[in-house]
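> Okay, sequence plus prediction incoming.
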Amino acid sequence: MKKIFYYIFVSSLILASCQNNQKEREATKVQHTETKQNMQKEKTNDIQQKINQYIEVKLVTDTSKLNEKEKKMLVHLIKAVQYMDPAFWEQTYGDKQELMNRIKDPLIRKYAEINYGPWDRMNDNKTFVEGFGNKPAGANFYPADMTKTEFEKADLPDKTSQYTLLRRNKEGKLYTIAYHTAFEKYVKPAAEELQKAAGYAQDPMFKKYLQLRAKALLTDQYQPSDMHWMDMKNNHIDIVIGPIENYEDQLYNYKTGYEGVVLVKDMEWSKKLAKFIKYLPELQKNLPVEAAYKQEKPGTRSDLNAYDAVYYSGEANTGGKTIAINLPNDEEVQLKKGTRRLQLKNVMKAKFDKILVPIANMLITPEQRKHIKFDAFFANTMFHEVAHGLGIKNTINGKGKARTALKEHYSAIEEGKADILGLYMVDQLHRKGELKGDMKDYMTTFMASIFRSIRFGAADAHGVANMIRFNYFNEKGAFTRNPDGTYKVNYDKMYDAMKTLSALILKLQGDGDYQAVSRLIKEKGIVPKQLQQDLQKLNEARIPVDIIFKQGTNVLGIE
Ligand SMILES: [Zn+2]
């Protein structure tokens with residue numbers, strides 16, 4: 001995914017977040033191994049291989065923790081978000097039924113369902129359906145034949161609105177149409193479902209939110225519901241619904257795609273998270289770097305909670321699936337109230353089971369595989385998010401913000417910082433007895449995650465960050481490669497490398513040293529040949545790149 005980030009970094013926020021957390025990037029493509037003797041067979045294999053990049057998982061949660069009213073509410077919330085599917089289809093492609101009628105091969109139809117159109121989201125949006133060219137950059141938000149010049153000349157005041165479509169009239173002239181009008185047949189019944197769900201809501205704040213969100217869908221005025229969403233604290237159930245991200249509009253990033261996610265809060269984990277946030281100032285003080293680079297004070301006003309996602313629809317259900325949500329995007333709301341971060345525990349678990357464990361089974365030395373644990377993966381992932389709030393945002397030598405000084409390299413460095421300081425936080429909390437388990441679990445799982453993330457590629461900030469860390473760790477002896485191609489973590493050395501790499505990155509950010517960062521990325525932001533060959537084994541073993549969901553009220557058992 002070429003997802004750019006959907007929120008603006010607001011320095012007053014306590015926890016600045018991942019630039020890339022909404023979606024996970026596509027990884028390397030499955031390689032063709034078939035010979036080209038039989039073209040038809042080749043085609044079938046090809047599309048089957050494409051489908052195999054995704055592994056299906058059931059979206060479930062512990063429904064015994066839900067009361068009857070909550071179950072009824074979930075049924076309506078799921079119905080509501082299901083209307084985001086046809087709306088998003090129209091935004092990204094057009095008439096879904098017309099496309100499906102054109103495709104005879106059931107496998108190709110299946111892949112079109114997965115992609116919400118005839119273009120492959122795992123392969124630079126190239127088409128896999130005969131008769132189609134490249135995907136229009138503006139998807140179906142604009143007429144496909146519209147040029148940028150034409151758009152810029154058009155005298156249409158709301159043409160840049162995130163909630164309008166552009167179309168042509170009979171004379172061929174551009175006009176705009178508001179989402180709530182264009183998509184009335186979907187947003188109206190969706191709003192009705194939200195109202196029905198509100199009828200079962202026991203938390204008054206959540207009830208009000210559902211009512212406000214229903215109104216927003218019908219008017220395209222989302223701010224009141226976003227403001228209110230920031231104030232909700234005690235609701236067990238949650239929902240994200242509406243036109244939210246602007247990645248699908250690759251022409252201008254103006255137009256937002258409809259999507260929905262229905263969520264159930266993990267009350268136990270959420271409590272633990274709230275406790276961890278309180279340690280941030282102390283952790284900042286202990287950072288393994290000179291005092292000048294840790295003088296900023298991280299805030300502790302934060303909303304970080306764990307959830308099970310029980311339904312994904314529309315844009316959220318495309319490509320690499322979200323494992324963390326950070327909303328709202330409205331900058332006015334962000335400045336007044338901050339953002340909320342939602343960690344999607346069951347989706348992380350699915351990626352852990354289906355992707356990380358198989359990777360570890362191929363690339364981690366057998367005697368250390370017992371240290372690959374989900375709790376460690378979850379903690380590492382979560383503290384990555386929290387660690388964005390540690391360290392230094394402003395340079396110490398008058399170069400302004402580190403973000404500005406480091407320009408296009410900032411994201412990779414910031415992601416690398418969050419990864420390594422995330423592990424540092426885990427270690428500190430582990431020492432305090434706040435985190436259980438063996439530190440070896442966290443470190444071995446951290447190592448396996450490096451392989452997973454390097455698969456995201458050099459076009460992705462997380463991918464580059466992990467390449468740098470792999471090469472840095474290699475240099476410091478944090479791991480050794482066995483002759484059989486598996487990797488063994490050397491815990492003491494990894495521990496030292498964690499501290500020195502943290503210091504190195506914090507210093508680069510604090511100095512705003514663009515030259516040094518460029519050098520680091522050039523030298524270490526690469527995949528060495530040996531590693532490339534080792535990663536190729538993962539492709540050959542068909543270890544999936546991402547997941548698709550089997551989901552719904554019947555999967556949850558609440559029908
Ligand atoms: Zn991040």
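Nice, thanks for sending it over.
> Flag the shaky bits of the stretch 1-150 of the chain, pLDDT-wise.
Counting by pLDDT under 70, the stretch 1-150 of the chain shows low-confidence ranges at 1-44.
> can you give me the helices for it?
39-52, 68-82, 84-92, 96-102, 106-115, 148-153 (DSSP state H, counting those that start in this stretch).
> And these: which comes nearest residue 202?
Taking C-beta to C-beta, helix 68-82 is the member of the helices of the stretch 1-150 of the chain nearest to residue 202, at 6.0 Å. Quick note: C-beta positions are derived from backbone N, CA and C, even for glycine.
> in what helix or strand does residue 441 lie?
Using DSSP states H and E, residue 441 falls within helix 439-454.
> Just the CA coordinates for that helix, please, in PDB.
The C-alpha trace of helix 439-454 is given here as PDB (Å, rounded to 0.1, in the frame of the first residue of the first chain):
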ATOM      1  CA  MET A 439      12.900 -11.300  28.000                       C
ATOM      2  CA  LYS A 440      14.200 -13.800  25.500                       C
ATOM      3  CA  ASP A 441      10.600 -14.100  24.200                       C
ATOM      4  CA  TYR A 442      10.400 -10.400  23.400                       C
ATOM      5  CA  MET A 443      13.800 -10.400  21.800                       C
ATOM      6  CA  THR A 444      13.400 -13.500  19.700                       C
ATOM      7  CA  THR A 445      10.000 -12.400  18.500                       C
ATOM      8  CA  PHE A 446      11.500  -9.000  17.700                       C
ATOM      9  CA  MET A 447      14.100 -10.700  15.500                       C
ATOM     10  CA  ALA A 448      11.400 -12.700  13.600                       C
ATOM     11  CA  SER A 449       9.400  -9.500  13.100                       C
ATOM     12  CA  ILE A 450      12.400  -8.000  11.400                       C
ATOM     13  CA  PHE A 451      12.000 -10.600   8.600                       C
ATOM     14  CA  ARG A 452       8.300 -10.000   8.400                       C
ATOM     15  CA  SER A 453       8.700  -6.300   8.000                       C
ATOM     16  CA  ILE A 454      11.600  -6.400   5.600                       C
END
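> which other helices and strands contact that helix?
helix 357-363, helix 374-387, helix 410-431, helix 461-475, strand 487-489, helix 491-511, helix 529-540 (3 or more C-beta pairs under 8 Å, 6 or more residues apart in numbering; DSSP states H and E).
> one more time with 7 Å, if that's ok
If you count contacts as 3 or more C-beta pairs under 7 Å, 6 or more residues apart in numbering; DSSP states H and E, helix 439-454 packs onto helix 357-363, helix 374-387, helix 410-431, helix 461-475, strand 487-489, helix 491-511.
> Out of the ones you listed, which is closest to residue 271?
helix 374-387 (13.6 Å).
> Which strands or helices does the helix or strand following the closest one pack on?
Per DSSP H and E, the first helix or strand lying C-terminal to helix 374-387 is helix 402-406. Under the contact definition 3+ C-beta pairs under 7 Å, 6+ apart, helix 402-406 sits against helix 410-431, helix 514-524.
> Buried deepest among those helices, which one?
Comparing these by mean neighbour count (mean count of other C-beta atoms under 10 Å), helix 410-431 comes out on top with a mean of 23.
> nearest to residue 532, of the helices and strands packed on helix 439-454?
Residue 532 lies closest, by C-beta to C-beta, to one member of the helices and strands packed on helix 439-454: helix 461-475, at 10.8 Å.
> which strands and helices sit next to the following helix or strand past the closest one?
Later in the chain than helix 461-475, the nearest helix or strand by DSSP H and E is strand 479-481. Under the contact definition 3+ C-beta pairs under 7 Å, 6+ apart, strand 479-481 sits against strand 487-489.
> what is the mean pLDDT for the strand it packs on?
The average pLDDT within strand 487-489 is 98.
> For that strand, which helices and strands make contact with it?
For strand 487-489, the packing partners by 3+ C-beta pairs under 7 Å, 6+ apart come out as helix 439-454, strand 479-481.
> any residues touching the first one, and which ones?
It refers to helix 439-454. With contact meaning C-beta atoms under 7 Å, 6 or more residues apart in numbering, helix 439-454 is reached by 355-356, 359-360, 363-364, 368, 371-373, 376-377, 379-380, 423, 426-427, 430, 462-463, 466-467, 469-470, 479, 487, 489, 491, 494, 527, 535.
> how far away is the closest residue to the ion within the stretch 451-559 of the chain from residue 384?
Using C-beta to the ion, residue 462 is the residue of the stretch 451-559 of the chain that sits closest to the ion, at 7.0 Å. Plainly put, residue 462 is 9 Å away from residue 384 if you go by C-beta to C-beta, to the nearest Å.
> Identify the residue of the stretch 151-300 of the chain closest to the ion, quick one.
residue 298 (15.2 Å).
> what about that residue, which helix or strand?
Using DSSP H and E, residue 298 falls outside every helix and strand.
> wait, doesn't it sit right on residue 280?
Yes - counting by C-beta atoms under 7 Å, residue 280 is a contact partner of residue 298 at 4.4 Å.
> Between the two, point out the one with more neighbours.
residue 298 (24 against 21; other C-beta atoms under 10 Å).
> Just the buried ones out of the contacts of helix 439-454, please.
Buried members of the contacts of helix 439-454, scored by 16 or more other C-beta atoms under 10 Å, are 355-356, 359-360, 363-364, 368, 371-373, 376-377, 379-380, 423, 426-427, 430, 462-463, 466-467, 469-470, 479, 487, 489, 491, 494, 527, 535.
> Endpoint to endpoint, stretch 472-492 covers what distance?
Taking C-alpha to C-alpha, to the nearest Å, stretch 472-492 runs 15 Å from one end to the other.
> So which residues make contact with it?
Stretch 472-492 is contacted from outside by 363-365, 368, 440, 443-444, 447, 493-494, 496-497, 501, 524, 534, using C-beta under 7 Å, 6+ apart.
> Where does the prediction get shaky in the stretch 401-550 of the chain?
Across the stretch 401-550 of the chain, the ranges flagged by pLDDT under 70 are 459.
> and residue 66, how many neighbours does it have?
The burial count for residue 66: 18, using other C-beta under 10 Å.
> Need phi/psi at it.
With angles defined as degrees, to the nearest 10, residue 66 sits at phi -100, psi 140.
> ok so, going back, can you add distance to residue 135 and give the helices and strands packed on helix 439-454 back as CSV?
CSV is the format used below for the helices and strands packed on helix 439-454 (distance: least, C-beta to C-beta, whole Å):
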stretch, distance to residue 135
helix 357-363, 30
helix 374-387, 31
helix 410-431, 25
helix 461-475, 23
strand 487-489, 38
helix 491-511, 37
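> Confirm residue 176 sits in a strand?
Yes - counting by DSSP: H, G, I helix; E, B strand; the rest coil, residue 176 falls inside a strand.
> Roughly how far does the spatially closest residue to it that is not a sequence neighbour sit from residue 331?
Excluding the flanking residues, the one nearest residue 176 by C-beta to C-beta, 6 or more residues apart in numbering is residue 164, at 4.4 Å. Residue 164 sits 19 Å away from residue 331, going by C-beta to C-beta.
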